[in-house]
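Participant: sequence first, predicted coordinates after that:
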Amino acid sequence: MSTRVKICGLTRPEDIDAAVASGTDAIGLVFYEPSPRSVSLAQAKALASRIPAFVTVTGLFVNPEPSFVESVLRTVPLDLLQFHGDETPEFCDAFHRRWIKAVRVREPGQIEQAFKDYHAAVGLLVDAWDPKRYGGTGQSFNWSLIPSDRPLPLILAGGLSSANVARAIEEVRPWAVDVSGGVEQSKGKKDATKLSDFMKEVHRVCKTD
Ligand SMILES: O=C(O)c1ccccc1NCC(=O)[C@H](O)[C@H](O)COP(=O)(O)O
C-alpha cells in the first residue's frame, strides 16, 4: 500500500524546502484571511516557486468570491483547488481546474452524501467538524463514520500527527493523509523534526503493509 501525503498551511520558505525534502506529495497554501496560516498572493507566488515538478501545489479556499479565486489563479501556479467551506459543486467546478472538496464530519451519512454531491471532484477530504473553525483545528473525528465504499479518492485530515498517523492509515486505508497542526511548532510555522517523524511513520506503515 502507498498512502500519499499533503502538508497544509505552510507560510515560510524553509518549511516548503523541508516538506519537499521529506518527500511530501502535495503542499497546501491557505487563501483564507482569518486563518493564522493565510498567505498573501506575493507570499504564495514566492513559496510556489520553490516547489518542484510532481509535487502538487494546492490552493485552499473557504467560501471565496469567484473573483478572488481567479485573481489567485492569475498570480500563483496552482495545480489543485481545495474548497473547505460550504461551496456548492457548481461553484467548485467553475474554475476549469481540478478540485477537491472538504467535508467537516459530524454525523452518519454525510460522507456518503458528499460522494454523490461532489462526484466531479478528484478527491474528497474528510476533516473534523468544529462549531467555530472551518479547518486546521488539530482535532480528529470518529473514523468509523467513514464508509468503505469510496467512489472518489479519500483524503483523511484532522488531528493527525506522527503519534496516530500509522493507526489512521491501518484503520481507514485512505488514499492520502493531510496534516497541518500536527507538524507545527506554532500556528503557520512547521517543525522540521515533527515533519520528518510524520513522514517516517507514513513510510514505515506503508512498507509493512
Ligand atoms: O489550516 C487552516 O488554518 C485552515 C483554516 C480554514 C480552513 C481550512 C484550514 N486548513 C485545512 C487543512 O487542509 C488542514 O490540513 C486540515 O484541516 C487538518 O488540520 P489539522 O487538524 O491541524 O491537521
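Facilitator: Received, thanks. Numbers count the residues shown, from 1 in each chain.
Participant: near the ligand, which residues of the protein are found?
Facilitator: Residues of the chain lying close to the ligand (Cβ under 6 Å from any ligand atom) are 8-9, 28, 30, 32, 35, 37, 60, 62, 84, 127, 134-138, 157-160, 178-182. C-betas here are computed from N, CA, C, even on glycine.
Participant: alpha carbons of stretch 195-209, as CSV, please.
Facilitator: Listed next in CSV are the C-alpha coordinates belonging to stretch 195-209 (Å, rounded to 0.1, in the frame of the first residue of the first chain):
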residue,chain,number,x,y,z
LEU,A,195,7.5,16.8,9.7
SER,A,196,10.2,14.2,9.2
ASP,A,197,8.8,12.0,12.1
PHE,A,198,5.4,12.2,10.4
MET,A,199,6.8,11.1,7.0
LYS,A,200,8.8,8.3,8.6
GLU,A,201,5.7,6.9,10.2
VAL,A,202,3.8,7.0,6.9
HIS,A,203,6.6,5.2,5.1
ARG,A,204,7.0,2.7,7.9
VAL,A,205,3.4,1.7,7.9
CYS,A,206,3.2,1.6,4.2
LYS,A,207,6.3,-0.6,3.9
THR,A,208,5.0,-3.2,6.4
ASP,A,209,1.7,-3.5,4.6
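Participant: so for that stretch, mean pLDDT?
Facilitator: Summarised as a single mean, pLDDT over stretch 195-209 is 92.
Participant: and the contacts of it?
Facilitator: Under the criterion Cβ atoms under 8 Å, 6 or more residues apart in numbering, residues 1-3, 5, 7, 15, 18-19, 22-24, 160-162, 165-166, 169-170, 177, 179, 182-183 lie in contact with stretch 195-209.
Participant: just the buried subset of those residues, please.
Facilitator: For these, a burial check counting by 16 or more other Cβ atoms under 10 Å picks out 3, 5, 7, 15, 18-19, 22, 24, 160-162, 165-166, 169, 177, 179, 182-183.
Participant: am I right that residue 92 falls within a helix?
Facilitator: Yes. Counting by DSSP: H, G, I helix; E, B strand; the rest coil, residue 92 is found in a helix.
Participant: just the pLDDT for it.
Facilitator: 98.
Participant: same deal with the one 10 residues further on?
Facilitator: Confidence at residue 102, expressed as pLDDT, is 98.
Participant: do the one 3 residues further on as well
Facilitator: pLDDT for residue 105: 97.
Participant: run a quick neighbour tally on it.
Facilitator: Number of residues near residue 105 (other Cβ atoms under 10 Å) recorded here: 20.
Participant: all helices of this protein, in order?
Facilitator: Under the criterion DSSP state H, the chain carries helices at the ranges 13-22, 41-48, 66-75, 89-92, 110-117, 165-172, 192-207.
Participant: excluding its backbone neighbours, what's nearest the residue nearest the centre of the chain?
Facilitator: The chain has residue 178 as the residue nearest its centroid, 4.6 Å off, counting by Cα atoms, centre = their mean. Nearest residue to residue 178, sequence neighbours excluded (Cβ to Cβ, 6 or more residues apart in numbering): residue 157, at 3.8 Å.
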